[in-house]
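Participant: this one's sequence-less:
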């Protein structure tokens, strides 16, 4: 999240450090301070209203941050209007949160709700956005605004859980709940010290025989005074207060201690799985802690299995992956708990290295109304597991019906009340001491097929894959991307309902709706299949991340299709829209460089890819020799006499070859040469061609005019032929993003997140970000140069005069050090909006700068 306080200093308002730039409302602490001056010295009763916009992040995602800011500005203006008319005090709390404080008045409350909900609810025609309110009325005259906000936000959280109402008042029941929690926490801490926490064990079994293969440790609190205390009473509180880690470590230690005792007593020892939460992984080194316990009690890792919920894996963070790898390297088995609940599971499996899946039956309520859906999900998950040779445990088995279904579907292992409830350690010991209750073999772990490569090929290629029954419309996804809950909750029962939901929420481009309806019409598909057409292909635009992109939607007849099995595959894959982007980039690059040569050093030959009319005339009569070309351009005075030595040295084939034998970086030189009858500054870049080999060294020479120069500069890293250059110049930069110069907006692209993280900039207008960067990052000697170069009015004027690129070298602070950086601005007009835009590419040229300075120094000595 961007630190808004960094941007407040850009405000024109004299109190700019304390007010939000977009809404012009006081920020949190300023709001508290202003309100306290009224509330603490007034005997009247005050109310505070906390406001939250549900699904605000989706507005940013769908329409861009600028639209999200417009919504915040509109809310800010509404609240300021109410402040002016009714004496309320409004503040911006950050994100999508606001607070308003006022004398108790129901009319004011209703007015605020009416105005704000009128703006937010159904914003841009979507039902997903909604305003929620948490309210608190002063009962204690000494209470501060900050404390009132806390109470109001507590009520707001409850309001968001009750879709029937949009407002909830903090009341005595909440106070009692908080008081009870305050009393319970010391009791929990004391219970840990007194050994009141223990664990029960719930056996895992072979599904068909019920014989035990291991167990899961589940925490229990048995109080001497209160008896058995349900985990539901204390676990949420511990999670809320950050104490759950302490309890988890306590239970892990008890489990290891118990296993050690069993080994010493000669008892039967089966693996015990322990639960490791997201909070555990992110707050402590869980692998180191568990390895320490294994060493402390001198037990094998085969006795401890690690259960991690699927929801943790869905985050797909590097911390989770590193932890998984460390567990595997240490010898622990990993079980994915609640597998299937996230229903993004096939896509996830290609990236993880789990040993066992646990399918939780509570997500598959097999009642008559949704039996088909439950069976489809179970079937799909078990099929996935079989394809990858991963054992699956069905967790939560309670009925004969569930058991029979799983047996038919080929599930091998189970856990649940149907077999055993969680039991005290002593009862479990008696159970497994009877050898008849224990399986001869534990879960057999097989080598996963082909290192998941065949699955990865499928999931990498397709965006989504669905298996569809043409007769009923029933479907299940074999491969599915993450989709917003509001789009697919509740889950559509048929593929037609699924498609209608996409149309309703604007996922399908309006111009493609009729084609989309035609494409998924099951009657039409059956008719085409009957006529022998086995595949239908359609190009349709989808919006899943704020912009419409082209996707190829196909209906395919599988090999096992028959009258008795009328099922087809729906597949989606992203169209090669990047090819168009590359072509656009190539247009920019091709128009930027005045000359491009391909040079074969082995045969001393060159061929022009692009050239100026002047150079075409100059080159007439040349044999195509590289050496002859260089000599002629120096002898004719095309290269400025003062730069001739440096130019000859730079283009020396032996030196070029020597450089690229040990270095992948492109060679670069700034020099002067004739263009349109006068000497102008040019930049030459030499990069390896895609045809390059040690035997036949082929290079590409690029030449561009530098139209905007303050210092000796160097172009960014490149490589390969002109297409390589078009791609590399974008992808090898430190930062890269797009600016709408007409609207003064920084557009979100692949490179902007790193820029925000490094600089703290990235919100508000382009001009305000430049002011912030100039003030805080640009070295003093380049502040005025940088500010002038980045002036959007100047850039627009440059474009209007026919210039498509702008370049600047400068020094700035980068990762704590002053370094040479280079900006290249590619200017263009957006085809859809007509706005003047710029692709800004910022590269670190510190090393290249040293190389060029050394070259100039050498040239100076030789003159």
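Facilitator: On my side now, so go ahead. All values reported here derive from a predicted model rather than from experimental measurement.
Participant: Show the model's pLDDT score for residue 6.
Facilitator: For residue 6, the pLDDT comes out at 32.
Participant: right, I mislabeled it, should have said residue 209
Facilitator: Listed pLDDT for residue 209 reads 90.
Participant: how near is residue 159 to residue 842?
Facilitator: Residue 159 is 44 Å from residue 842, where distance means C-beta to C-beta, to the nearest Å. Glycine gets a C-beta too; all of them are placed from N, C-alpha and C.
Participant: what kind of secondary structure is the residue lying farthest from the centre of the chain in?
Facilitator: Centroid-distance maximum for the chain: residue 621 at 57.4 Å, with C-alpha atoms, centre = their mean. Three-state call for residue 621 (DSSP: H, G, I helix; E, B strand; the rest coil): coil.
Participant: ranges for the helices of the stretch 501-650 of the chain?
Facilitator: Remark: helices assigned in the stretch 501-650 of the chain by DSSP state H, counting those that start in this stretch are 513-519, 522-530, 577-592, 613-619, 626-635, 644-650.
Participant: Give me the buried positions along the fourth one.
Facilitator: So the one you mean is helix 613-619. 615, 618 (16 or more other C-beta atoms under 10 Å).
Participant: can you check the fifth one too?
Facilitator: Across helix 626-635, burial judged by 16+ other C-beta under 10 Å covers 626, 629, 630, 633, 634.
Participant: How about the first one?
Facilitator: Along helix 513-519, these residues count as buried under the neighbour rule (16+ other C-beta under 10 Å): 515, 516, 519.
Participant: Save those residues as CSV, and put in pLDDT and distance to residue 423 too.
Facilitator: Formatted as CSV, the buried residues of helix 513-519 follow (pLDDT from 0 to 100; distance: C-beta to C-beta, whole Å):
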residue, pLDDT, distance to residue 423
515, 89, 60
516, 91, 55
519, 91, 55
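Participant: Redo these as CSV? Include distance to residue 260.
Facilitator: Shown next, in CSV, are those (distance: C-beta to C-beta, whole Å):
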residue, distance to residue 260
515, 67
516, 62
519, 63
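Participant: Can you tell me which of those residues is closest to residue 21?
Facilitator: For the buried residues of helix 513-519, the residue nearest residue 21 by C-beta to C-beta is residue 516; the value is 40.6 Å.
Participant: State the distance from that closest one to residue 527.
Facilitator: Residue 516 is 18 Å from residue 527, by C-beta to C-beta.
Participant: do residue 130 as well
Facilitator: 43 Å.
Participant: Ok, residue 129 next?
Facilitator: Distance from residue 129 to residue 527, by C-beta to C-beta: 41 Å.
Participant: more neighbours, the two?
Facilitator: More crowded of residue 129 and residue 527, by other C-beta atoms under 10 Å: residue 129, with 21 against 11.
Participant: Hmm, the more buried one is touching residue 53, no?
Facilitator: Yes - with contact defined as C-beta atoms under 8 Å, residue 129 counts as touching residue 53 (6.2 Å).
Participant: Identify the contacts common to the two.
Facilitator: Residues within reach of residue 129 and of residue 53 at once, by C-beta atoms under 8 Å, 6 or more residues apart in numbering, are residue 120.
Participant: Give me the contact list for stretch 608-616.
Facilitator: Counting by C-beta under 8 Å, 6+ apart, 590, 593-598, 619, 674-676, 700, 722 sit against stretch 608-616.
Participant: Next, count neighbours for the nearest residue to residue 553 once chain neighbours are set aside.
Facilitator: In space, and not counting its chain neighbours, residue 553 is closest to residue 538: 4.7 Å by C-beta to C-beta, 6 or more residues apart in numbering. Neighbours of residue 538 under the rule other C-beta under 10 Å: 15.
Participant: separation between residue 538 and residue 213?
Facilitator: 49 Å.
Participant: Then residue 572?
Facilitator: Distance of residue 572 to residue 213, computed by C-beta to C-beta: 40 Å.
Participant: again, but for residue 192
Facilitator: Residue 192 sits 31 Å away from residue 213, going by C-beta to C-beta.
Participant: go on, residue 782?
Facilitator: To residue 213, residue 782 is 68 Å away according to C-beta to C-beta.
Participant: neighbour count winner among these two?
Facilitator: residue 213 (22 against 19).
Participant: hang on, the more buried one packs against residue 432?
Facilitator: No - contact between residue 213 and residue 432 fails when scored by C-beta under 8 Å: they sit 10.5 Å apart.
Participant: quick one: common contacting residues for those two?
Facilitator: residue 270.
Participant: Next up, the contacts around the residue lying closest to residue 463 once chain neighbours are set aside.
Facilitator: Excluding the flanking residues, the one nearest residue 463 by C-beta to C-beta, 6+ apart is residue 572, at 4.3 Å. Contacts for residue 572 (C-beta under 8 Å, 6+ apart) come out as 462, 463, 464, 465, 542, 551, 552, 553, 554.
Participant: who's residue 572 bridged to?
Facilitator: Taking DSSP bridges as the rule, residue 572 bridges to residue 464, residue 553.
Participant: Next one: it, what pLDDT does it get?
Facilitator: 84.
Participant: could the contacts of stretch 608-616 go into CSV alongside pLDDT and distance to residue 663?
Facilitator: CSV is the format used below for the contacts of stretch 608-616 (pLDDT from 0 to 100; distance: C-beta to C-beta, whole Å):
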residue, pLDDT, distance to residue 663
590, 57, 27
593, 75, 22
594, 82, 26
595, 85, 24
596, 85, 22
597, 86, 21
598, 85, 20
619, 82, 30
674, 90, 31
675, 87, 30
676, 83, 35
700, 86, 16
722, 38, 21
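Participant: And these, which of them are buried?
Facilitator: Looks like the contacts of stretch 608-616 have 593, 594, 595, 596, 597, 598, 674, 675, 700, 722 buried, using 16+ other C-beta under 10 Å.
Participant: Next, residue 217: secondary structure please.
Facilitator: At residue 217, secondary structure determined by three-state DSSP is strand.
Participant: Next one: it from residue 429, what distance?
Facilitator: Relative to residue 429, and taking C-beta to C-beta, residue 217 is found at 14 Å.
Participant: Show me which of those two is the more surrounded one.
Facilitator: Using other C-beta under 10 Å as the criterion, residue 217 and residue 429 rank with residue 217 on top: 24 against 17.
Participant: Please name the residues that touch the more buried one.
Facilitator: 199, 200, 201, 251, 255, 272, 273, 274, 275 are the contacts of residue 217 under C-beta under 8 Å, 6+ apart.
Participant: just checking, which of those residues belong to helices?
Facilitator: Among the contacts of residue 217, DSSP state H puts 251, 255 in helices.
Participant: of the buried residues of helix 626-635, closest to residue 653?
Facilitator: Among those, and counting by C-beta to C-beta, the member closest to residue 653 is residue 626, at 6.8 Å.
Participant: Verify the contact between that closest one and residue 656 for me.
Facilitator: No - with contact defined as C-beta under 8 Å, residue 626 and residue 656 do not form a contacting pair (9.9 Å).
Participant: Spit out the residues that contact the two alike.
Facilitator: By C-beta under 8 Å, 6+ apart, the residues touching both residue 626 and residue 656 are residue 601.
Participant: Tell me how far residue 265 lies from residue 358.
Facilitator: Residue 265 is 29 Å from residue 358, by C-beta to C-beta.
Participant: Those two: which is more packed in?
Facilitator: When residue 265 and residue 358 are compared for neighbours, residue 358 comes out ahead with 25 against 9, by other C-beta under 10 Å.
Participant: and that one, what is it in contact with?
Facilitator: 307, 335, 336, 337, 338, 339, 392, 393, 395, 415.
Participant: thinking again about what came up before, reformat the helices of the stretch 501-650 of the chain as a markdown table; add distance to residue 97.
Facilitator: Rendered in a markdown table, the data for these read as follows (distance: least, C-beta to C-beta, whole Å):
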| stretch | distance to residue 97 |
| --- | --- |
| helix 513-519 | 36 |
| helix 522-530 | 46 |
| helix 577-592 | 36 |
| helix 613-619 | 62 |
| helix 626-635 | 65 |
| helix 644-650 | 58 |
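Participant: Worst mean pLDDT among these?
Facilitator: In terms of mean pLDDT, the lowest-scoring of the helices of the stretch 501-650 of the chain is helix 577-592 (a mean of 49).
Participant: Much appreciated, bye for now.
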